[in-house]
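Student: Provided below are the primary sequence and the corresponding predicted coordinates.
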Amino acid sequence: MVNPAALEKYRFSKALRPFSFPVAIIACLVGIAAAYADGYWNLGSVSLILVAGVLLQAGVNLINDHADLPLLTGSDPLLQLSRDRVRFNFKVGMLCFLIAAVIGFYLITIAGLSLLLISVVGLLGALGYTVAPINYKNRGLGVIMVFWLMGVLMITGSYIAVGAPFDWSIVWLSLPISCLVSLLLLSNELRDYERDIDDGLSTLTVRLGYQSSVWIYWSLLVSALAISIVLALLGYLSHIWLLLFVLLLLPQPFRLLQAKAADRKGLTPATARILLGFGTVFCLLILL
């Protein structure tokens, strides 16, 4: 007998995972803020960049469960409903990618071919996150890949799409936020650790073990702060002390990381708040 509660995650509103949208919004805003600080601004391009970024994030979220289809075999009506939901979400996710690609093509005609390379690599990487035969997630590479795809590449692409020429400074500025993008995905793996083991998934957390991944969680967070300090010392940021306010968001994740599986549901939203708070202050530091 299938547990209906266990299959709720395939409902569209659940599969969309709106709590993860800060990843795309903050990544795009960092690139936009850096371009503005360098003297480049186009309101139309900025609006399209944000829409495309959210569509890409939504697309990744909606195709995320496609790899679960082999686990949903059987004639139970609830299993059939779950398969239908997964396939529907996958189709909507691909539509999100298509619309984002159209927007990206338009921005490429304005920004040039340097944006084309970033867009192609980013789109292929997003598709390969859970779709066979690549499936980074089940190879334990998801946390690493999102660092580059939803972090470095999205931030750099947003910077160029506004009209700024490529500069290595935007790559350095992307690193703290990229650490937090990986942190958000890792929090999702930590939250689902026991369930992923039961489902036979091989995420990074399943491969390394829960406690080892908790250490990686804190290492990524410390790295984001440490790199920001280095960037301030090198003159890329000012008023770095403002990031201390982010420390107020840490007690809840700390408690949840020590909690039992049933009480760990709030870990990913709590981590998303860290990304949102840190990213907002980080954009302000760039503008200052």
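Tutor: Received, thanks.
Student: tell me which helix or strand the residue nearest to residue 65 when sequence neighbours are not counted sits in.
Tutor: What sits nearest to residue 65 in space, not counting adjacent residues and going by Cβ to Cβ, 6 or more residues apart in numbering, is residue 86, at 5.1 Å. Using the backbone N, CA and C atoms, a C-beta is placed for each residue, glycine as well. Counting by DSSP states H and E, the secondary-structure element that holds residue 86 is helix 77-111.
Student: may I see the buried residues of that helix?
Tutor: Buried residues in helix 77-111, counting neighbours by 16 or more other Cβ atoms under 10 Å, are found at 81-83, 85-86, 89-90, 92-93, 96-97, 100-101, 103-104, 107-108, 111.
Student: what is the mean pLDDT for it?
Tutor: The average pLDDT for helix 77-111 rounds to 87.
Student: distance of residue 246 from residue 152?
Tutor: Distance of residue 246 to residue 152, given as Cβ to Cβ, to the nearest Å: 21 Å.
Student: typed the wrong thing, it's residue 213
Tutor: Taking Cβ to Cβ as the measure, residue 213 and residue 152 are separated by 22 Å.
Student: so who does the closest residue to residue 249 other than its chain neighbours touch?
Tutor: Nearest-residue entry for residue 249: residue 274, 4.9 Å, with adjacent residues in sequence omitted and distances by Cβ to Cβ, 6+ apart. Residue 274 makes contact with 180, 183, 221, 246, 249, 250, 253, according to Cβ atoms under 8 Å, 6 or more residues apart in numbering.
Student: any idea which of those residues is the one closest to residue 260?
Tutor: The nearest member of the contacts of residue 274 to residue 260, counting by Cβ to Cβ, is residue 253 at 15.3 Å.
Student: roughly how far apart are the closest one and residue 85?
Tutor: In this structure, residue 253 and residue 85 are 30 Å apart, going by Cβ to Cβ.
Student: repeat for residue 221
Tutor: Residue 221 sits 34 Å away from residue 85 when distances are taken as Cβ to Cβ.
Student: just the helices in the stretch 101-250 of the chain please.
Tutor: Taking DSSP state H, counting those that start in this stretch as the criterion, the stretch 101-250 of the chain carries its helices at 113-127, 142-146, 154-161, 168-191, 193-198, 204-208, 210-233.
Student: most tightly surrounded among those helices?
Tutor: Comparing the helices of the stretch 101-250 of the chain by mean neighbour count (mean count of other Cβ atoms under 10 Å), helix 154-161 comes out on top with a mean of 29.
Student: tell me the mean pLDDT over it?
Tutor: Along helix 154-161, the predicted local confidence has a mean pLDDT of 93.
Student: same thing with stretch 25-32?
Tutor: Mean per-residue pLDDT for stretch 25-32: 94.
Student: what does that stretch contact?
Tutor: Applying Cβ under 8 Å, 6+ apart, the contact partners of stretch 25-32 are 46, 49-50, 53-54, 150-151, 154-162, 170, 173-174, 177, 181, 275-276, 279-280, 282-283, 286.
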